[in-house]
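**Student:** coords please:
(2 chains)
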Amino acid sequence: MGFKMTETGGIDPDTWNRWHVVGCHDELPDDGARATRLLGRAITVERRGSGAEVRLTGGGALPVKVAYGYVWSSLGTPGPLFELPEHAEADRRNLNGCSFFVRTSPPRAIENFLDMAHFPFVHTGILGEEAHPDVKDYDVAISTDGREVVASNCHFYQPKAAAASTGGVDVTYRYRVPHPWCAILYKDSPAKPGRSDVIALFVQPCGEEEIVANLALFILDDDTPLPALRRFQQQIFVQDKPILENQMPRRLPLYPRADSPVRADKASIAYRRWLRQLGTSFGVLS
Amino acid sequence: MIALHDYDLSAEGYAVRLFLALLGLDYRLLPVEFYPAREHEGEEFRALSPMASLPVLVDGDLVLTEVAGILSYLAARHGGADWYPAGDAAQLGRIGDGLALSARLAATAGAVRLADGMMLPLDGAAARAEAKRLLRVIDERLWFGEAAGDDWLCPGPRPSIADIACFPHIVLAEEGDIPLIDYPAIRRWLDRVRRLPGFVVMPGVFGA
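**Tutor:** Presented below is the predicted three-dimensional model:
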């Protein structure tokens, strides 16, 4: 029996059958359900103790999972969610850095998250500075099982790499993209040398050109107060928002020769190739 | 020293930060988390700002909680004749009109920007429609002003606090899905504000 795209309103099977983030569990209202959207459908998300209930508006219950501090749901029959073992490490602080609605497609947000070249120009004085614009060569690969894109050995000079930073440093980055709309960044911890802070972008695909971007932090920082951690992430994300909203077309072009990529875009090239392998058609132009 | 209780992403707060920078004044920033914690609605902050409005400027015993009052005070106290034309009743009246206009922008373009990004309840379509009506009026005013040799919201050779109060809501309007491409005179005026000596940005605003 084949997968019938007509039953999914034209949504590709990989997207239809994945878990997608639909909200930060801690930030759900105490009373009643929150209305939002998933893959173009109106849904409601309600906290139920440590669990949650997700329903199509005026319709049936959808699959639910609470993981990594967020509520996940699916319109189809989801398999396992990707692993994020750092979430369970006892000495980390896990929090939602920020959630913002953005008029862009899910893959545009992921591509921006993977792009180091914009740091000096968009996040001037924080994640980069114009005197150090070079993206040094790094490694990128689609894992042998085809389940994620990994970029490693990324080095970048950052004036203020984290809320706890006291000065500029050469930071080492590693990225995992274990889900078409989720990317995880491993970044040198200023507080614990030799270990990494983990910052994840979990994108809720409200529609093909509408998302909620959730920045999740799993960090080694016992000292910075919660509001200061959130403030740092909000400032950075709000710098990205107008860039994302002005990228045209809003859907990510996957057709051949859509862009002329340069070496710094290796991660993006691999990401686009991976989306083609998955058969993703949601939020892209192919 | 002046203290400013403020939220980084507040357009009103940015108007005050921008004016403090243009005046070259030092101040102490005390962050208040508007989103998601809604710290401005808490008891502690309401003791300072009963309407829960942001930003709040504290200078000695003086506490000011609205952007119009804050900018007026700073202009009169530190701006000299350039920013506070004390003897020009008509110009003071026009500046007062411009400050009221900034409040209309805050209630429309400003509100839809916050509601959109932070997923707060609002009739976005109505707010956008009213914001566009205001922007059309402002664009025409600026266009005719340019034709008469005036660069700013109020006639005269220099910008006023009316420009400073309106600028943040207009420059950030696209975050609320209000495209500025339809307002050419406004776009030229935004660039003129960006070129003022001492201009500073906020997240979401880029320099000249």
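
**Student:** now do the domain split for the chain, please.
**Tutor:** In the absence of a named chain, this looks at chain A. Domain assignment for chain A by automatic domain parsing gives A:9-81, A:88-252+A:262-271.

**Student:** please refer instead to chain B.
**Tutor:** Domain segmentation of chain B under automatic domain parsing yields B:2-82, B:86-194.

**Student:** let's have these in TSV, adding mean pLDDT, mean neighbour count and distance to A:S143.
**Tutor:** To be clear about C-beta, it is placed using only N, CA and C from the backbone, and glycine gets the same treatment. Shown next, in TSV, are the domains of chain B (pLDDT from 0 to 100; neighbours: other C-beta atoms under 10 Å in any protein chain shown; distance: least, C-beta to C-beta, whole Å):
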stretch	mean pLDDT	mean neighbour count	distance to A:S143
domain B:2-82	97	18	35
domain B:86-194	97	18	34
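
**Student:** distance to chain A for these - can I get that in CSV?
**Tutor:** Shown next, in CSV, are those (distance: least, C-beta to the nearest C-beta, whole Å):
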stretch, distance to chain A
domain B:2-82, 5
domain B:86-194, 5
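
**Student:** export these as TSV, with columns for distance to A:C98.
**Tutor:** Output for the domains of chain B, formatted as TSV (distance: least, C-beta to C-beta, whole Å):
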stretch	distance to A:C98
domain B:2-82	8
domain B:86-194	9
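
**Student:** count of residues packed around A:I219?
**Tutor:** Residues lying near A:I219 (other C-beta atoms under 10 Å in any protein chain shown) number 26.

**Student:** same check, this time on A:G167
**Tutor:** A total of 8 residues lie near A:G167 under the criterion other C-beta under 10 Å.

**Student:** which element is residue 72 on?
**Tutor:** All of this is about chain A. Element membership for A:W72, per DSSP states H and E: strand A:70-73.

**Student:** wrong one, I was asking about chain B
**Tutor:** Using DSSP H and E, B:S72 falls in helix B:67-78.

**Student:** try A:R174
**Tutor:** Assigned by DSSP H and E, A:R174 falls within strand A:169-179.

**Student:** again with B:R28
**Tutor:** strand B:27-31.

**Student:** using PDB, write out every CA atom in that strand.
**Tutor:** Extracted C-alpha coordinates of strand B:27-31, given in PDB (Å, rounded to 0.1, in the frame of the first residue of the first chain):
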ATOM      1  CA  TYR B  27      22.500  56.100  32.000                       C
ATOM      2  CA  ARG B  28      22.100  52.900  33.800                       C
ATOM      3  CA  LEU B  29      19.900  50.200  32.100                       C
ATOM      4  CA  LEU B  30      17.800  48.000  34.300                       C
ATOM      5  CA  PRO B  31      16.300  45.200  32.200                       C
END
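
**Student:** can you list the strands that it pairs with?
**Tutor:** Using DSSP bridges, the strands paired with strand B:27-31 are strand B:2-6 (parallel).

**Student:** check contacts around A:E208.
**Tutor:** By C-beta atoms under 8 Å, 6 or more residues apart in numbering or on different chains, the contact list for A:E208 reads A:40, A:105, A:250-251, A:282-283.

**Student:** can you name the next helix or strand after the strand holding A:W72?
**Tutor:** Downstream of strand A:70-73, the first helix or strand assigned by DSSP H and E is strand A:93-102.

**Student:** hmm, who's touching that next one?
**Tutor:** Outside strand A:93-102, the residues that touch it by C-beta under 8 Å, 6+ apart are A:23-24, A:26-27, A:68-70, A:87, A:109, A:199, A:206, A:210-222, A:226, A:229-230, A:232-234, A:237-238, A:241, A:244-245, B:36, B:116-119.

**Student:** show me where chain B has helices.
**Tutor:** B:11-23, B:43-48, B:67-78, B:80-83, B:89-105, B:111-118, B:124-147, B:161-171, B:184-194 (DSSP state H).

**Student:** repeat that for the stretch 1-150 of chain A.
**Tutor:** Using DSSP state H, counting those that start in this stretch, the helices of the stretch 1-150 of chain A run over A:13-16, A:106-114, A:119-122.

**Student:** picking that back up, please compute how far the helix holding B:S72 lies from its chain's middle.
**Tutor:** Taking C-alpha atoms, centre = their mean, to the nearest Å, one finds helix B:67-78 lying 12 Å from the centre of the chain it belongs to.

**Student:** that helix versus helix B:89-105: what angle between them?
**Tutor:** Helix B:67-78 runs at 140 degrees relative to helix B:89-105, counting by axes from the mean of the first three to the mean of the last three C-alpha atoms, to 10 degrees.

**Student:** can you list the residues that contact helix B:67-78?
**Tutor:** B:12, B:15-16, B:19-20, B:23, B:25, B:55, B:57, B:59, B:62, B:64, B:83-84, B:86, B:99-100, B:102-103, B:106, B:161, B:164-165.

**Student:** switch to 6 Å and redo it
**Tutor:** With contact meaning C-beta atoms under 6 Å, 6 or more residues apart in numbering or on different chains, helix B:67-78 is reached by B:12, B:15-16, B:19, B:23, B:57, B:64, B:83-84, B:99, B:161, B:165.

**Student:** partner residues bridging the closest residue to chain B within the stretch 51-200 of chain A?
**Tutor:** Minimum separation of the stretch 51-200 of chain A from chain B (C-beta to the nearest C-beta) falls at A:F100, amounting to 5.0 Å. Applying DSSP bridges to A:F100 yields these beta-bridge partners: A:A213.

**Student:** that one - how many residues pack around it?
**Tutor:** Using other C-beta under 10 Å, A:F100 is surrounded by 22 other residues.

**Student:** mind listing the strands the helix or strand hosting A:N153 pairs with, and their directions?
**Tutor:** Assigned by DSSP H and E, A:N153 falls within strand A:149-158. Strand A:149-158 has the following sheet partners, assigned by DSSP bridges: strand A:139-142 (antiparallel), strand A:169-179 (antiparallel).

**Student:** what comes up buried for it?
**Tutor:** Using 16 or more other C-beta atoms under 10 Å in any protein chain shown as the test for burial, strand A:149-158 gives A:149-151, A:154, A:156-158.

**Student:** sort out for me which of the contacts of strand A:93-102 are in strands.
**Tutor:** Applying DSSP state E to these, the entries found in strands are A:23-24, A:70, A:199, A:206, A:210-219.
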